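**Student:** Here is a sequence with its predicted model. Questions after.
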Amino acid sequence: MESRGDLVVAAIHGEIDLTNSPRIGSQLFAAIPNTARGVILNLSQTTYIDSRGVQLILDAIERLHTRKQAMHLVVPAASPLWRLFGILSIAQVAVIFQTVDAAVDAFGER
Amino acid sequence: MATDQTHPWLQGNRRIVTVLALAAVYFVAARAGLQLAFVHASATAVWPPTGIALAALLLLGPRVWPGIFLGAFLANLTTAGTVWTSVGIASGNTLEGLLGAYLVTRYAGGRAAFDRAQGIFLFAALAAVASTTVSATIGVTSLTLGGFARWSEVPAIWLTWWLGDASGALLVTPLVVLWARSRPASPSREQVLERLLLFAVTLIIGGVVFAGAFAFEYLTVPLLVWAAFRLGRRETATLIALLSVIAIWGTLHGRGPFTAPSQNTSLLLLQSFMAMMVLFSLPLAAVVAERSGAMTAEVRRRVRLEQALEVEQSISDTLQRSLLPAQLPRIPGVSIAALYVSASPEAVGGDWYDVLLLPGGAIGLVIGDVAGKGVAAAATTAKLRHALRAYALEGHPPADVMDRVSDLLERGEMATVLYLVLDPLASTVRYTCAGHPPAVLVEPGRPARFLEGSGLPAGAGMRTGYSEHSATIAAGSTLILYTDGLVESSRVDIEQGLARLRAAAGSFNGDVDGLPGRIASDVLEGGPSADDVAILVLRVTALDPSQLSMRLPALPNSVPTVRHTLQRWLTVCGADDADTFAVCVATGEACTNAVEHAYGPVDALIEVHAACQNGVVTVSVRDRGTWRLRREQMPGGRGMQVMRAMMDRVDIDRDPTGTTVVLAYALRAGMTR
């Protein structure tokens, strides 16, 4: 968890599944102040995600949206997560970048 | 006159009824006694009212004395006498009873006098012999003053009176008191028959002896001994009364052993006989009852003691079992076995071990030893065990877990603990040791070695912070965790013990299940350990590429374990990263659903079977849970979508006992996509 200006960058290492997704969710929301313009969820170091993990990300995007905050995902091209994200059409609801810098830059453009 | 505090009126009325009833009984007994009059109408061989008066005063208390007075007064008035002589005699009878009851209560144990031999002798001396002189003196004086007897007759009348009262007290008081005091236990068939037999034999012998056919009074002794030894005090008193009635009847008719030239001699013989029966057989019965009562009490005490021991044993057993895992998880590629040997069957030790499936698919191994023994140590052990489980399951690293557990211990509580986290996927073990004997690592083709690095025991007082150590665990390696009872004893010092353990562990090449027993017998050399011994063994084994089976508790933490084991196995099968990810995600989804549906039984399990044939992987996930909701309502609906998209084929088979999901997937590894 780090902040870049008024952006929060949260990185998830390892695996996201039913055993830890509720905890990750509450940690994530606890780390996002109302003053933050947006959140960047860095999944570069995430090795595994299941439908619960995806549900968590979708819920987070929706919740932040009601607070007028945006969330960008970072998933490198080589990540195994793409397969699952493709199946569940995550790209339709989330903005995904290959690097954190690209995700930060995308906030600046707006 | 009423003295009861709560209901004086009721109490007073009840007392009047009691007094009147006593008067009636006394009156009837007196009239019956007069039938046995020898010398004078007011002086008889046996004067049962004396015994009844004494028994009533002992059982009901001195307050019932008016009943005695009234009964005696009426009995004398209707026999031979004026109001004034009757008042005098009744006064004597009443005073006699009151004095006798007082003396017996004061010195002979009161109504319990007949329970012990000493009480019976004291009763005879104080009540039968001493207090009866009062009635005889007052009664004879009253009669003489009233002109019913001449002064020359006084000594004879006085003696008859006194002996009659004494006999009455000796015969009747024990009989009434013994029967009134305790409710007789309902006798068995055999006991009833025995009583009837004794009754019949008594009638026959009594008839033979006192009707004069064979006037030898000692024939009655066997009957009395029979009653005293086999039947009890009540029955003995009853038999004495029965024999007395027969003896009086025979003697009055001039038959039997007590016929003598003078009536006085005859009377004296009869009374002596009755007194002897009482004084020898009642104490005998009391002694026999006392002895068997003492034996019964002793037996009862022993039975209670045994029961208490049994309860304690069962508490210890339950406690001990609750400190150890009910069953060890079966995970492919990891074999776990454990052994717990109690040093003594009674005591609960402070040793424990535990195996945990940690979030992330790692396996936690715990072994510890709480200082002390018994239930207190067991309670500390339970606290430590569950605290450690809680922190470990939250996913804290080993050193953090140990810090937190150590902080929980209270003053006076101390324990050595070793906590290892095995990551089968990474083939590493991370561990933190709090003063516990080091784990032994046996690697194939290398000498066994200790996993060194330890801090102070938990609760040792100083909070220094524990540090984490790590080691690589290749396939085929064995980890041995144990408590100090294994290596340290009065016979063997710790260095020797550790050397033996290393030798035993290094030379073992059998199944892991037999390893703890082998270690225990090798290191302890068959001898008993002075301390409890816990041994926990884990071996990392190679996986069989053709198939894989797992059976785990239907709990969330089982899901990563399944995934990680599958991941290792798929590598053996030749799957690439994409294959592995696809199969693991699909299986993970199936397991997640299974865990969520496994609602109801606490020990619900999920079973995972995987096979690989000709490049096609099949995984079946079976749960034995009942369905809480239809699948469409479950948040796992997206999971089904994932499974179908990632696998070549998904079959779902539901039956009343559970659901089986079968996934099939052809490995793409090496193929161009």
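**Tutor:** Here it is on my side, so go on.

**Student:** Could you measure from residue B:201 over to chain A?
**Tutor:** 88 Å (Cβ to the nearest Cβ, to the nearest Å). (Each C-beta comes from the backbone N, C-alpha and C, glycine too.)

**Student:** Contact partners for that residue?
**Tutor:** residue B:223 (Cβ atoms under 8 Å, 6 or more residues apart in numbering or on different chains).

**Student:** what about the biggest helix by length in chain A, distance to the chain center?
**Tutor:** When chain A is parsed with DSSP state H, its longest helix is helix A:51-66. Averaging C-alpha positions (Cα atoms, centre = their mean, to the nearest Å) puts helix A:51-66 9 Å from its chain's average.

**Student:** Give me the next element, helix or strand, following it.
**Tutor:** strand A:70-74 (DSSP states H and E).

**Student:** for residue A:81, what are its contacts?
**Tutor:** A:43, A:46, A:49, A:75.

**Student:** Just the buried residues of the longest helix of chain A, please?
**Tutor:** A:51-57, A:60-61, A:64 (16 or more other Cβ atoms under 10 Å in any protein chain shown).

**Student:** cool, stretch B:466-485 as well?
**Tutor:** In stretch B:466-485, counting by 16+ other Cβ under 10 Å, buried: B:466, B:468-471, B:473, B:477-485.

**Student:** and what of stretch B:497-506?
**Tutor:** B:497-498, B:500-502, B:504-506.

**Student:** interface residues of the stretch 301-450 of chain B facing chain A?
**Tutor:** B:359-360, B:395 (Cβ under 8 Å from any Cβ of the partner chain).

**Student:** let's go with 7 Å and repeat that
**Tutor:** Neighbours of chain A within the stretch 301-450 of chain B, by Cβ under 7 Å from any Cβ of the partner chain: B:359-360.

**Student:** give me the low-pLDDT residue ranges for the stretch 301-450 of chain B?
**Tutor:** Along the stretch 301-450 of chain B, the model assigns pLDDT under 70 to residues B:313, B:316, B:344-348.

**Student:** ok, now chain A?
**Tutor:** In chain A, residues with pLDDT under 70: A:109-110.

**Student:** how much distance is there from the helix or strand encompassing residue B:418 to the middle of the chain?
**Tutor:** Using DSSP H and E, the element containing residue B:418 is strand B:415-423. In this view, strand B:415-423 has its centroid 39 Å away from the chain centroid, taken as Cα atoms, centre = their mean.

**Student:** And it, what does it pack against?
**Tutor:** strand B:363-370, helix B:398-408, strand B:428-434 (3 or more Cβ pairs under 7 Å, 6 or more residues apart in numbering or on different chains; DSSP states H and E).

**Student:** nearest to residue B:659, of the buried residues of helix A:51-66?
**Tutor:** Using Cβ to Cβ, residue A:51 is the member of the buried residues of helix A:51-66 that lies nearest residue B:659, at 17.3 Å.

**Student:** my guess is that closest one meets residue B:637, correct?
**Tutor:** No. Contact criterion Cβ atoms under 7 Å: residue A:51 and residue B:637 do not qualify, at 8.6 Å.

**Student:** Get me the contact residues on chain A for chain B.
**Tutor:** A:14-15, A:17-20, A:48, A:50-52, A:54-55, A:80, A:83-84, A:87-88.

**Student:** Quick one: buried ones out of these?
**Tutor:** Looking at those with 16+ other Cβ under 10 Å, the buried ones turn out to be A:15, A:17-20, A:48, A:50-52, A:54-55, A:80, A:83-84, A:87-88.

**Student:** Show me what counts as buried in the one helix or strand residue B:245 maps to.
**Tutor:** Element membership for residue B:245, per DSSP H and E: helix B:233-252. Within helix B:233-252, the residues that qualify as buried are B:233-244, B:246-252, counting by 16+ other Cβ under 10 Å.

**Student:** Repeat that for stretch B:167-183.
**Tutor:** Buried, per 16+ other Cβ under 10 Å, within stretch B:167-183: B:167-179.

**Student:** All set now, cheers.
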